[in-house]
Each structure stands twice: as structure tokens, then as C-alpha cells.
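>>> how would this look folded up:
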Amino acid sequence: MMILQMITVAITANVRKFKPHNTVKAPLKEILLSLKETIWAILFPVFLLVGIRFGIFTPSEVGAFACFYALFVGVFIYKELTWQTLWETLCMSVTDVGAIMFIIALSGIFGYGIPIEQIPQQMMGFITSITVNPILVMILIMIGLVVAGMFIDGPVIILLATPILLPIIKSIGIDPILFGIIMATVATFGSLTPPVGIAMYTVCSILKCPTKEYITESYPFIIAIAIELLILIVFSEEITKIIYLF
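Below you'll find the model as predicted:
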């Protein structure tokens, strides 16, 4: 995704004749000064990934570490975190966590009824009546997820659709980890598209950009993401080997 989006930005910049922000390359001294100011923020994701990868933290513990690290850096390093901003942050966290737990509770009820109603079997029967080709099955599932993402938030889609789609994915020989990557990409992608794109409206409101202009300018990036998904689907076996290699 990173490579394809970089290519898209480069092509767009060349077509639109965008000028670089800096006409000359930044000297080493300027780079080091900038690194000195941002090193704590750069190290943040490194600590998280290394901690999980080497078994230092569980996913729950790494969340607690992230909170402690953010508090420590905000108070003692950057010295920008005050009691007022901390209180506002806690209030926002309580609201967000409450919303997430509410979604999990409802999805749990939904997940309880899925095996009773045999929804995965019905979905599998419907899809295989159209095609039994694994690539085409994956493309049909992705199209369905993209459409759902236009109306439903990404985490909700993941919570509701995973119990339904996972048996189908296993039956056609697609690795669940690869499917998780594809599903997360599609679910996140849905928040950027109309008519109910949460990220889309957030970005447009912050940048004061008309939604129509946003949609028009987003087509090249949508195509880039579609190409990425097709690569993941078509070369699923090769990519799965790479995933397990790391």
C-alpha cells in the first residue's frame, strides 16, 4: 500500500505541476535537530511493535504501556500535558471505550445467533452457486465488504462479518491471517468513502474541503488501493509464505 500510494502521489504531483516545499535538500544539522525534537514520538511505535514481537508485552499490556509512555513524554519531555488536557483526554477515552464496548456487546449477541441460523453455510451456498474459483470468491467478498463499509463503521464490520466469513475463507483455502489483512484494509477503506465515511467527513471538516472535491480527487488513491487488494488476492499463496517467513 505504501509503495502504490507513493507512486500515486508522485504521478499526481507531476501531472498537477506541484512544486516541492523545499527547493534544496535539508542539511544534516537540520535533520538532526528535527530528529531531536521528534525522536520520542518516532520511538513510540517501535517500542510497541518490538514489545509485542518479542513477547515482552501482550496486546493488553502494550495498551497500558502506551498510556504510561504518552503520559511520561507529555509531562516530562515535551511538558505540554497539563491537568486540564489530561482530564479532557480521559473524558474522550471514556466515551470512545464506552462506544466500543457497546458495539462488542451487540456483536456478541449477533455472533451467538450466527451458528443457530447457519448463516455461514447459507452464505457459502450462495457464493458457490455463482463461482467456486477462490480468487473470484474473494473478489465477491471484497465487493460486499466495500459496500458495507460505505454505510457501517470499520470495527463494526470486522466484529459482525468475521464469524460469517471465516468458515468460507478456510473452505476455499485462503489463509486467515492474509484475509485479516485484506479485511482490515477494506473495512478501513470504507470510512473514506461516501455516503457515511466518518474519516471523509472528519478530513473535509478539518481542511474545510468540499465533499465533492474530496471525492473527485480521491479516485487515483481508490484505484491504488484496489490494485493492492487485487495483488493480495491473486498472489495469496506467495504472500502467505512471506507473512509466515517473518
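>>> show me what contacts residue 49?
Contact analysis of residue 49 by C-beta atoms under 8 Å, 6 or more residues apart in numbering lists nothing. Using the backbone N, CA and C atoms, a C-beta is placed for each residue, glycine as well.
>>> how much space is there between it and residue 59?
12 Å (C-beta to C-beta, to the nearest Å).
>>> same question, residue 73
Taken as C-beta to C-beta, the span from residue 73 to residue 59 is 21 Å.
>>> For stretch 180-198, give the mean pLDDT please.
In this model, stretch 180-198 carries a mean pLDDT of 80.
>>> And it, end to end?
22 Å (C-alpha to C-alpha, to the nearest Å).
>>> Buried residues, that stretch. List them.
Neighbour-count burial for stretch 180-198, counted by 16 or more other C-beta atoms under 10 Å, picks out 182-183, 185-193, 197.
>>> residues touching the residue most central in space within the chain, list them.
Residue closest to the mean C-alpha point of the chain, counted by C-alpha atoms, centre = their mean, is residue 188 at 4.6 Å. Taking C-beta under 8 Å, 6+ apart, we find residue 188 in contact with residue 154.
>>> Just the element for it, please.
helix 176-190 (DSSP states H and E).
>>> quick one: buried residues of the helix or strand that that helix is followed by?
Later in the chain than helix 176-190, the nearest helix or strand by DSSP H and E is helix 198-207. The neighbour-count check on helix 198-207 (16+ other C-beta under 10 Å) flags 200, 204 as buried.
>>> Can you point out the buried residues in the helix or strand just after helix 198-207?
For helix 198-207, the following helix or strand on the C-terminal side (DSSP H and E) is helix 211-234. For helix 211-234, the buried set under the neighbour-count rule, 16+ other C-beta under 10 Å, comprises 214-215, 218, 221, 224-225, 228-229, 232-233.
>>> Grab the CA positions of helix 211-234 and hand them over as CSV.
Extracted in CSV, the C-alpha atoms of helix 211-234 (Å, rounded to 0.1, in the frame of the first residue of the first chain):
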residue,chain,number,x,y,z
THR,A,211,-17.0,16.8,-0.1
LYS,A,212,-17.5,16.9,-3.9
GLU,A,213,-13.9,18.0,-4.4
TYR,A,214,-12.6,15.4,-1.9
ILE,A,215,-14.4,12.6,-3.8
THR,A,216,-13.2,13.8,-7.2
GLU,A,217,-9.5,14.0,-6.0
SER,A,218,-9.7,10.6,-4.2
TYR,A,219,-10.2,8.5,-7.4
PRO,A,220,-6.5,7.8,-8.1
PHE,A,221,-5.9,6.7,-4.5
ILE,A,222,-9.0,4.4,-4.6
ILE,A,223,-7.6,2.8,-7.7
ALA,A,224,-4.2,2.3,-6.0
ILE,A,225,-5.9,0.5,-3.0
ALA,A,226,-8.0,-1.6,-5.4
ILE,A,227,-4.7,-2.7,-7.2
GLU,A,228,-3.2,-3.5,-3.8
LEU,A,229,-6.2,-5.7,-2.9
LEU,A,230,-6.1,-7.5,-6.3
ILE,A,231,-2.3,-8.2,-5.7
LEU,A,232,-3.0,-9.6,-2.3
ILE,A,233,-5.8,-11.8,-3.7
VAL,A,234,-4.2,-13.0,-6.9
